[in-house]
Structure formats: structure tokens, C-alpha cells
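**Q** Take a look and give me a structure for this.
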Amino acid sequence: MPNLMRAKTFSLAYLFGVIAIGGLYYAAVDNLAVVQRTIDYSYRAFLLKASAPVSGKLIIDGGSSSIHGIDSRKIESRFGRLTINLGDNAKYPLAYKIHRLKPYLKASDTVLLTLEWNQYAEGNVFSKEYVDTVFDERGSNSFYYNDLPFLERVWFIFTKVPFLLAVERIKTLNGVDSDKENLDRGESFSLQQFYRRVQGGERGDSKRQAVVDIEAVRARLLSTSCDRYILQETIANDFTVSKGFIQNLKLLQDTEVATGARFIFIWPNVVDSVQNDCYQSPEAIARMPIYGEDIKRVVNAHGFDFLGSYEDSHFDKSCFFDTYYHLLQECWVERTDKLIEQMEVYGLAKSAVSGRDILPQLVSDYLKSLPVNQVQITDLLEQSTSPDNEEFVSGWANPEVWGRWSLGYESHVLITNIDVQAQRLRIKGRYHHGAEPTAVWVNGTNFGEYVLKDRTFDLQGVDIEGGVLELRFRHRNPKSPKELGLSGDTRKIKFGLDNISLLGPKG
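**A** I've put the predicted structure just below:
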């Protein structure tokens, strides 16, 4: 009997010891290894938190096809509901996307889930890239972890985080604010950049597509057909909806009940390349129609709806940007118009309140609520009230006496508080190393390519009821003066904007 008692005592002591060590390990990782940012590294996470007080907003979420194919501002304009785009990476676990949404959802919110094909076939995958970015020094994806419920944090740390990575981050005190001078500087920079992007009307779409060397893209994709790229996991799973995805549907059901929000599924945009078409392999031809219906059936069985069919989101090679999931911005209008039509047929409610008007105030209120330098916040907000109604959002050099040069391949200007009676837009400019046509978009509408030395555009048919014009320019062949042997200036410049003016009807 004494031996039995000693054995029980040892077992209990061992059990409590293991629990204590495990608890200390969890506490160390949770408190010392994960960065706690006040201003998130991700602009999209920042938008999600700032817009949390609003009920009835539209949220687009999924992989990168979401941000390389959908114009959120156009959807917002049509439905009058604040619209933000949270798409990031198809390889991030869907369950954790749902967890990071839940704290910021309100009743009457609608989430459009644009999932790439792998999400239906393999459930939640925790890639090395994902885990590393949760624990990196910048806190790139730390918001994913910080918004997890307690038990999910415990499970993640003990089953998905490599022990050596956790120990390394603990030893370097990755999550201790007092050791974060670089982080503080980074947050200050993010603060200023994010507010400018809000003032510029950015909703999370990838507005900064660089011009791609298509020959290099072709070479990189030669060994991978479209179907092998987008359907790799689908083929490996024999065109079967995974149990992991079904578990995520149950998590979505719980989230709808808890928040009052609604989730709707939409198909990812898929685009042919110059070398091969999508959905044309023998496996895809034979099995995709049935597989698409299987996915819809499973989704519908759990109480969720799908908009359209996957063929609606298939685009030809003229829309190819840099992967089989990413559209050139010229094709976003077609993609977004199709989506808007599907949303209207579905009966998605419209609102009389424009998100364009409320987001800057939401962000202002959010910043004032944060434990950051409020003097800096006040200075930032006061600067934003400048009477100058031209906001040079991105892709511009510092001003010169005559105007300013573009930087890189794309430039973005926002003009606010304009007279809605304006009927013409006049642009005067100049060119570095030869005049070449500049592509022009006005409020998402492609106006074509022109030499903009002195060009006037007719604004009839352009929606300017909100008093805002968003101008986007794409430039050909920018080069630095240094490249041309003209000076030591390394800025890659092309178009010089002298003046923008708004005119009434022709006299």
C-alpha cells in the first residue's frame, strides 16, 4: 500500500509539473514572443478595426484574388455601404481569418468570402510563411494571433509553432514594448501612411500593381499550367470537399449566430495566361462542373449562399497580371460589374449613407481611442484639413515650382470637395525623355491612353455625386536622369503634372 501511495503521489506530482511547465511555456510565448502593436502593420487589419463601430458594412475577404480583381469603392458607391477589402493570402488558414473577423463584426454586416480553390480542398494549413509572420519582429501578422480565443491560442502554440522559433522569440523579448524603439518608429510611419491612404479613399484593394516583365512571368510559369497552379490541392484531394472546410463552415455558422453578420460566398477570379488556358486540362474538363456543384451543395447545406458560377469569374489572357489569380486593373471593372449585378440579383440591401464620407471620421475616432502619442494624432488630423483639395496619394515626387513628377509606373490623385456641376477635366503636363501616351482612369473608368501635355476629358457619365474624383495614371517606360546620363538623380520619372482643372460645359 505505501508503494501504491508513493506511485500515485509521483504520478500526480509529474502531472502537475507537466501542466506547470506547459503553463509557463504558454505564458512566455503569449507575453514575450508575439508583438503587440498599437497600429497594425497591415493596412487592411487597421481598416477592419477602425470600421468596427459601423453596422451594415461590406467586407471582402479571401486570398490575393480578392485584392487583385475587385474595386471596393465601386461596390461602395453602388450600395452606399462602407466596403473594405481584407484579402491577403490563400495559404492562410480560413479558420483564423474567421476568428480575426469576429470581434469587429456587427449585425447587418455582410462578408463576401472569395476563397481560392485550395481552401475547399485542404481545410486549414499553417504554412511556415504564415507562422513566421505571426512571430516576426514587425508583427506583420501578429493581429491574427492576438484576436484568437484563449483555447485556440493554446492549441496554436502547442501544435503549430516550432519550439525553436518560440524559444528564439522569447529570448529576444519579441513582444516586450520596452524593447521596441524600431517598432515605435515603424508604427509612427504606418500611422502617417495609413491616414493618407484613408484620405485617398483606399479600401484595401491592391492599387499599386507594378508593370510586370511578361517574358519573365512566362518563363516562371512555363513548368506550371494554370490548372496545376490553381487546382494542385483539388487534384491531390481527388476533387473532394475536405472535412477541414466543412469544419470551417460550422465555425462560420457559430460566428453568424454570435455577431448577426452574414457570410456569402463568391468564386475567385481566374485568368488565362499567354501560354495556356484555365479549366482546360482533362481532369478539369471532366470533373470541375460536378465539383463546383458539390461545393455549392455543401455550402448551401450549411445555410450559406453562393453568387454566380465559377465560370463567371474566368477571364482571358488579356487580363493576366502576374499569376493565374490576379487580374490587370483594366479588367477590374468587368469583374466588379459582374459581382455588383450578382449582388443586386441576390437582393443585397442598399444604404443611403456613403462609406466614402464616414471612413475618415471613423479612423479619426479610432486613432483618438488608441494609447499612442495624441499630440502626433492631433497634428496629423489638423494637417488633413488643408484647404488644398488635391491629395497626391501615391506615385509622386515632392513638388517643384512648376508641379511634380510621377514616380514609377503608376500615380494616384484624389480631388475632393469638387463642384458636382463640373463637366470637363483638363490635365496639363510634360514628359521626361520623350512623350508617350499615359493611361488614365477617372473614378474607376478607363478613359484610354493619351499624351497629356494639354488634354480635356468629358466627365459626362462619371459619378461625381460624392464630390470626389479619383484619378489614376499609368506611365510607360519611366527612367531616372542618372540612367540617361543627365544627372545623379535616381528617381524613375516619366510624366510631369503641371495642373489639373475642372471646367463647366463648353461655351
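
**Q** Surely R474 touches S406?
**A** No - R474 lies out of contact with S406 (C-beta atoms under 8 Å); the separation is 9.6 Å. For glycine as for every other residue, the C-beta is placed from the backbone atoms N, C-alpha and C.

**Q** Compare neighbour counts for those two and give me the winner.
**A** S406 (26 against 23; other C-beta atoms under 10 Å).

**Q** buried sites along stretch 495-507?
**A** Buried residues in stretch 495-507, counted by 16 or more other C-beta atoms under 10 Å: 495-497, 500, 502.

**Q** Mind checking which of those residues are in strands?
**A** 495-497, 500, 502 (DSSP state E).

**Q** of these, closest to N237?
**A** The closest of those to N237 turns out to be F495 (C-beta to C-beta; 48.8 Å).

**Q** List the beta-bridge partners for the closest residue to that closest one other than its chain neighbours.
**A** Once flanking residues are discounted, F495 sits nearest to S406: 4.5 Å by C-beta to C-beta, 6 or more residues apart in numbering. Using DSSP bridges, the bridge partners assigned to S406 are W396.

**Q** S406 against A397, yeah?
**A** Yes - at 7.4 Å, S406 and A397 qualify as touching, with contact defined as C-beta under 8 Å.

**Q** can you list the ones in strands among the buried residues of stretch 495-507 in CSV and add distance to I67?
**A** Formatted as CSV, those follow (distance: C-beta to C-beta, whole Å):
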residue, distance to I67
F495, 26
G496, 30
L497, 27
I500, 28
L502, 31
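
**Q** residues touching G22, list them.
**A** F158 (C-beta atoms under 8 Å, 6 or more residues apart in numbering).

**Q** so which strand or helix has it?
**A** helix 2-28 (DSSP states H and E).

**Q** what packs against the helix or strand just after that helix?
**A** Counting by DSSP H and E, the element after helix 2-28 in chain order, helix or strand, is helix 43-50. For helix 43-50, the elements it packs on are strand 83-85, helix 94-101, helix 181-199, helix 355-368, judged by 3 or more C-beta pairs under 8 Å, 6 or more residues apart in numbering; DSSP states H and E.

**Q** Put together JSON lines for the ones you listed, with mean pLDDT and mean neighbour count on each row.
**A** Output for the helices and strands packed on helix 43-50, formatted as JSON lines (pLDDT from 0 to 100; neighbours: other C-beta atoms under 10 Å):
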{"stretch": "strand 83-85", "mean pLDDT": "96", "mean neighbour count": "27"}
{"stretch": "helix 94-101", "mean pLDDT": "97", "mean neighbour count": "21"}
{"stretch": "helix 181-199", "mean pLDDT": "71", "mean neighbour count": "16"}
{"stretch": "helix 355-368", "mean pLDDT": "80", "mean neighbour count": "17"}
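
**Q** L115: which of those is closest?
**A** helix 94-101 (6.9 Å).

**Q** Can you tell me the strand partners of the following helix or strand past the closest one and which way each runs?
**A** Using DSSP H and E, the helix or strand that follows helix 94-101 towards the C-terminus is strand 110-114. Applying DSSP bridges to the sheet, strand 110-114 is found paired with strand 58-62 (parallel), strand 262-266 (parallel).

**Q** any residues touching strand 110-114, and which ones?
**A** Outside strand 110-114, the residues that touch it by C-beta under 8 Å, 6+ apart are 57-63, 65-66, 70, 81, 87, 101, 105, 261-268, 307, 348.

**Q** now stretch 192-204
**A** Taking C-beta under 8 Å, 6+ apart as the rule, stretch 192-204 contacts 39, 43-44, 46-47, 50, 60, 67, 72-73, 76, 83-87, 356, 359-360, 363, 367, 380, 384, 391, 393-394, 412, 414, 468, 470.
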